[in-house]
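*Asks:* sharing a model that was predicted from the sequence below.
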Amino acid sequence: EAQVTQNPRYLITVTGKKLTVTCSQNMNHEYMSWYRQDPGLGLRQIYYSMNVEVTDKGDVPEGYKVSRKEKRNFPLILESPSPNQTSLYFCASSLTPAGNQPQHFGDGTRLSIL
Amino acid sequence: AQSVTQLGSHVSVSEGALVLLRCNYSSSVPPYLFWYVQYPNQGLQLLLKYTTGATLVKGINGFEAEFKKSETSFHLTKPSAHMSDAAEYFCAVSDLRAGGTSYGKLTFGQGTILTVHP
């Protein structure tokens, strides 16, 4: 089944404790991105990747890191999480970076930073 | 920069009634437009998209949307609401790189929660 898989689905942690949210897709997609969803703000892009080893900042990259060493994986790293990073996070992928391609979303990761 | 405005953060309809969710966008060039639906505890699913061609776009679950360039709108409709349509709906537009080509970044509206009453 074609899918985008995120782990963990839920995480409660404390300020400053490094964490990684994994994202993997099995569709051989070139383009991957991370969004955060906050009430009343919709989804905002954090980082994106056009292909392996090609990443760039989205609209809200502060406090986050990413890497794309393999085509299928695009982990999101919070080196020193803070409470303002409490949010619902989505990984998405599309076949190519072209703007007319629909994006496939994972089921989300709900992070609570205390 | 692109922007998307969804009018009404909450819309409530009766089962069998018309569903109308409003979306207006700003774009300096003809945009690529999308509607996504989010059910509780799930990711976003594509309902429909407009890229080029016919301005009336049909999607899944009986939804459709019409691209109106003159009104910069892309409203989502369904003739008869079903209880299973209760969800949050997002309108989105593909962003533009310098030079005017669209790429995969999506700019989303704030979302509209649809409630369907029996």
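*Replies:* Received it, and whenever you're ready, just let me know what you need. Note that the structure is predicted; figures quoted are calculated from it, not measured.
*Asks:* who in chain A is up against chain B?
*Replies:* Within reach of chain B by C-beta under 8 Å from any C-beta of the partner chain, chain A has these residues: A:4, A:31, A:33, A:35, A:40-45, A:48, A:58, A:90, A:92, A:94, A:96-103, A:105-108. (Glycine included, C-beta is placed from N, CA and C.)
*Asks:* show me the contacts for the most centrally placed residue in chain A.
*Replies:* Against the mean C-alpha coordinate of chain A, by C-alpha atoms, centre = their mean, the closest residue is A:Trp34 at 2.9 Å. Neighbour list for A:Trp34: A:23, A:45-48, A:58, A:64, A:66, A:74, A:76, A:89-92 [criterion: C-beta atoms under 8 Å, 6 or more residues apart in numbering or on different chains].
*Asks:* same thing but at 7 Å, please
*Replies:* Residues counted as contacts of A:Trp34 (C-beta atoms under 7 Å, 6 or more residues apart in numbering or on different chains) are A:46-47, A:66, A:76, A:89, A:91.
*Asks:* ok, and the most crowded of those?
*Replies:* A:Cys91 (29 neighbours; other C-beta atoms under 10 Å in any protein chain shown).
*Asks:* beta partners of it?
*Replies:* With DSSP bridges applied, A:Cys91 shows beta-bridge pairing to A:Trp34.
*Asks:* please report how far the nearest residue to A:Leu114 once chain neighbours are set aside lies from A:Ile46.
*Replies:* Leaving aside its chain neighbours, A:Leu114 sits nearest to A:Val14 (5.3 Å; criterion: C-beta to C-beta, 6 or more residues apart in numbering or on different chains). Distance of A:Val14 to A:Ile46, given as C-beta to C-beta, to the nearest Å: 21 Å.
*Asks:* if we can go back for a sec, which one of the contacts of A:Trp34 is nearest to chain B?
*Replies:* A:Cys91 (8.6 Å; C-beta to the nearest C-beta).
*Asks:* okay, now the residue of chain A found nearest chain B: neighbour count?
*Replies:* Nearest residue of chain A to chain B (C-beta to the nearest C-beta) works out as A:Gly99 at 2.4 Å. Look at A:Gly99: counted by other C-beta under 10 Å, it has 21 neighbours.
*Asks:* do A:Ile12 as well
*Replies:* 10.
*Asks:* who does it bridge with?
*Replies:* A:Ser112.
*Asks:* gap between B:Ala54 and B:Glu66?
*Replies:* From B:Ala54 to B:Glu66 the distance is 10 Å (C-beta to C-beta).
*Asks:* which of those two has more neighbours?
*Replies:* Taking other C-beta under 10 Å, B:Ala54 and B:Glu66 do not tie; B:Glu66 has more neighbours (15 against 9).
*Asks:* mind listing what's buried in the top strand by length along chain A?
*Replies:* Longest among the strand segments of chain A by residue count, using DSSP state E, is strand A:42-51. For strand A:42-51, burial by neighbour count (16 or more other C-beta atoms under 10 Å in any protein chain shown) applies to A:42-50.
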